[in-house]
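>>> dropping a prediction and its sequence here:
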Amino acid sequence: MKASLLGKMDRVGFTASALCAVHCALMPFIITLLPLIGLEFLSSAWFEIGIIALSIAIGLSSLIPSYLKYHRKTMPITLLVIGFVLIFGAHLLGFHEWEPVLVPMGGFTIAGAHFLNWKYNKPFHCDDCRRDVEEEQK
């Protein structure tokens with residue numbers, strides 16, 4: 001994958017993860033209003049599973065190629081795994097009383113993974129930055 005496409009994937013991943021975290025943080029407060037405005041699907045289990053699956057796909061398709069081709073730093077992948085462990089811990093492992101805390105933390109951690117990956121890839125996104133990196137390596 002090209003660096004520019006990976007940068008776009010990181011932006012999409014960061015935005016989606018941040019929106020997921022906001023969604024999960026606000027859901028306990030607005031869940032009673034959703035049926036009134038026709039948005040009850042936002043609180044369904046299938047919607048959440050779909051968002052989690054989409055986040056996994058975006059995260060893996062962005063962070064792994066960046067790691068392999070460009071920066072070779074494990075921190076973004078580590079943060080991605082930690083974020084998903086927090087989300088899965090809340091949803092699937094029975095930590096339901098901690099769900100309002102763990103899931104937004106997981107979403108923001110995944111957003112942080114994409115941001116850090118984007119930052120590590122930044123030297124490869126533009127020609128001037130790439131030349132600077134090549135000069136430093138000489």
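Received it, and whenever you're ready, just let me know what you need.

>>> CA only for contacts and neighbour counts going forward, please
OK.

>>> buried set for the helix or strand containing residue 57?
In this structure, residue 57 sits in helix 45-66 according to DSSP states H and E. When neighbours are counted by 16 or more other Cα atoms under 10 Å, the buried residues of helix 45-66 are found to be 48, 52, 55-56, 58-59, 61-66.

>>> name the element the residue nearest the centre of the chain belongs to?
When Cα atoms, centre = their mean is applied to the chain, the residue found nearest the centroid is residue 110 (3.6 Å). Using DSSP H and E, the element containing residue 110 is helix 99-121.

>>> and the average pLDDT for the helix or strand containing residue 26 is what?
Element membership for residue 26, per DSSP H and E: helix 3-30. Regarding helix 3-30, the rounded mean pLDDT is 72.

>>> try stretch 98-116
88.

>>> now that stretch: how far from the chain's centre is it?
Here stretch 98-116 is found 8 Å from its chain centre; the criterion is Cα atoms, centre = their mean, to the nearest Å.

>>> buried residues, that stretch. List them.
99-116.

>>> now do the contacts for residue 109.
Shown in contact with residue 109 (Cα atoms under 8 Å, 6 or more residues apart in numbering): 79-80, 82-83.

>>> can you tell me which residues contact the nearest residue to residue 96 once chain neighbours are set aside?
In this structure, residue 96 finds its nearest non-sequential neighbour in residue 90, 5.5 Å apart by Cα to Cα, 6 or more residues apart in numbering. Residue 90 makes contact with 96, 98-99, 102-103, according to Cα under 8 Å, 6+ apart.
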